[in-house]
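Colleague: After the sequence you'll find the predicted model.
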Amino acid sequence: MRNMLVTGGCGFIGSNFVRYLLEESDFTGRIVNVDKLTYAGNPENLAGLEERFPGRYVFEQGDICDGPFIESVFSDHGIDCVCHFAAESHVDRSIVAPDAFIRTNIVGTFTLLEQARAHSGQVRLFHHISTDEVYGSLGREGAFTESTPYCPSSPYSASKASSDHLVRAYHTTYGLPVTLSNCSNNYGPYQFPEKLIPLMVLNACEGRPLPIYGDGRQVRDWLYVRDHCRAIWAIMKEGRRGATYNIGGNQEMKNLALVERICDILEEERPQGNGVPYRSLIRFVKDRPGHDLRYAMDFTRLRTELGWGPEESLDTGLRKTVRWYLEHSNWIHCVRSGEYRRWVSAQYG
Ligand code: NAD
Ligand code: TYD
């Protein structure tokens, strides 16, 4: 793997992955980051990498649905492997406006697969990033395995399920060397503040309400983003071609308990000093339509085949993350000066 195309590298997980590859991993090749820079993409996330790693990081702004553009990226840069993150990623937005999800997540993945197929002589791996949400919702017990049937609930998860099927079909039909990973909820630095954890930290700091959808008893399994990046790189290097790997954090928590925990960390890290506890900002709002009750991942395959396990507990990871947001007011300013106006949460309120 000498010339890696990373799609969506200016987003949350993609930018953490690019940094991980260049700063921490044994990858010695070059990264070509293709990103359209939607509201969720922020070049600030990768500021300074060109200078720090000369010749090893290139940014190409563009749309993964644009076939001729993607063709030129494969040809001009001699792309020999792909790590595909680019997606519309927020469930709430997919409920309000699904169009972009169908386009980017399905048509965009298809466009990349077609170009990988057209350059099959040079492409040694296509790694596809997906989500636990394709499996649908769990009851209080059990966990998803790689053979759990797909049963997506939202336009977001349905579009990701569709893209997963396309990636597998290109392996089965055309012999494209692929790997797939489906992971649980990520958290950590550079996450756009529409997702639960950064939204709560920022709202709390401003004394704004902390909206809990429904009764807050939904459970998510939280995966620290650096652990996710380690897993992706392990799969790209040593995963079986054609195989899917589940990635989980082994850190399940109900939403309400998680938000309360964030409030408690903020009391320690940034006490308000006005006698009003952060927890008093919590508000129960109208539930998300089709809200999945619980996700949990069985990642036995990844552990037994590749020896991967999460290193970060939710306790340590959450504190690190809260501190990161408290210390990066400039990043928050840059992100907020874009289109995002927290309109989705407001709609449910
Ligand atoms: P994100 O929304 O933070 O970033 C997405 C990036 O893709 C942005 O930089 C955006 O500009 C870019 N992008 C969007 N449409 C594009 C297009 N048409 N062409 C080129 N670039 C485009 O998302 P994220 O949270 O970093 O998620 C990355 C991947 O991981 C996604 O595929 C998502 O489905 C998957 N995933 C995320 C989570 C999570 O908790 N965040 C969990 C499971 C799976
Ligand atoms: P989110 O971060 O949007 O991730 P996902 O929907 O992909 O799991 O939401 C995580 C959980 O938090 C989910 O159960 C919805 C809930 N949630 C709230 O209760 N309030 C909020 O303001 C947000 C954004 C999410």
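Modeller: That came through, no problem. Residues are numbered from 1 along each chain as shown. Ligands and ions are numbered 1, 2, ... in the order given.

Colleague: got the CA coordinates for stretch 192-206 in PDB?
Modeller: Listed next in PDB are the C-alpha coordinates belonging to stretch 192-206 (Å, rounded to 0.1, in the frame of the first residue of the first chain):
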ATOM      1  CA  PHE A 192     -18.800  17.700  14.600                       C
ATOM      2  CA  PRO A 193     -21.000  19.100  17.300                       C
ATOM      3  CA  GLU A 194     -24.300  17.700  16.100                       C
ATOM      4  CA  LYS A 195     -23.600  14.200  17.500                       C
ATOM      5  CA  LEU A 196     -24.500  13.500  21.100                       C
ATOM      6  CA  ILE A 197     -21.300  13.900  23.000                       C
ATOM      7  CA  PRO A 198     -19.900  17.200  21.500                       C
ATOM      8  CA  LEU A 199     -23.300  18.700  21.300                       C
ATOM      9  CA  MET A 200     -23.900  18.100  25.000                       C
ATOM     10  CA  VAL A 201     -20.400  19.500  26.000                       C
ATOM     11  CA  LEU A 202     -20.900  22.700  24.000                       C
ATOM     12  CA  ASN A 203     -24.500  23.300  25.000                       C
ATOM     13  CA  ALA A 204     -23.700  22.800  28.700                       C
ATOM     14  CA  CYS A 205     -20.800  25.200  28.500                       C
ATOM     15  CA  GLU A 206     -23.100  27.800  27.100                       C
END
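
Colleague: Give me the distance from that stretch to the chain's centre.
Modeller: Here the centre of stretch 192-206 is set off from its chain's centre by 16 Å, with CA atoms, centre = their mean, to the nearest Å.

Colleague: buried residues in it?
Modeller: Applying a neighbour-count criterion of 16 or more other CB atoms under 10 Å, the buried positions in stretch 192-206 are 192-205. Just so you know, the C-beta spots here come from the backbone N, C-alpha and C atoms, and that holds for glycine as well.

Colleague: what mean pLDDT does it have?
Modeller: For stretch 192-206, the per-residue pLDDT values average out at 95.

Colleague: any residues touching it, and which ones?
Modeller: Residues external to stretch 192-206 that are found in contact with it (CB atoms under 8 Å, 6 or more residues apart in numbering): 11-12, 39-40, 42, 90, 92-93, 185, 187, 191, 209-210, 220, 255, 258-259, 262-263, 266, 270, 278, 281, 318, 321-322, 325-326, 332, 335-336, 340, 342, 344-345.

Colleague: Which one of the buried residues of stretch 192-206 is nearest to ligand 1?
Modeller: Distances from ligand 1 to the buried residues of stretch 192-206, taken as CB to the nearest ligand atom, are shortest for residue 192 (5.1 Å).

Colleague: quick check, that closest one in a helix?
Modeller: No - applying DSSP: H, G, I helix; E, B strand; the rest coil, one finds residue 192 to be coil, outside a helix.

Colleague: Please report how far it lies from residue 336.
Modeller: According to CB to CB, to the nearest Å, residue 192 stands 10 Å off from residue 336.
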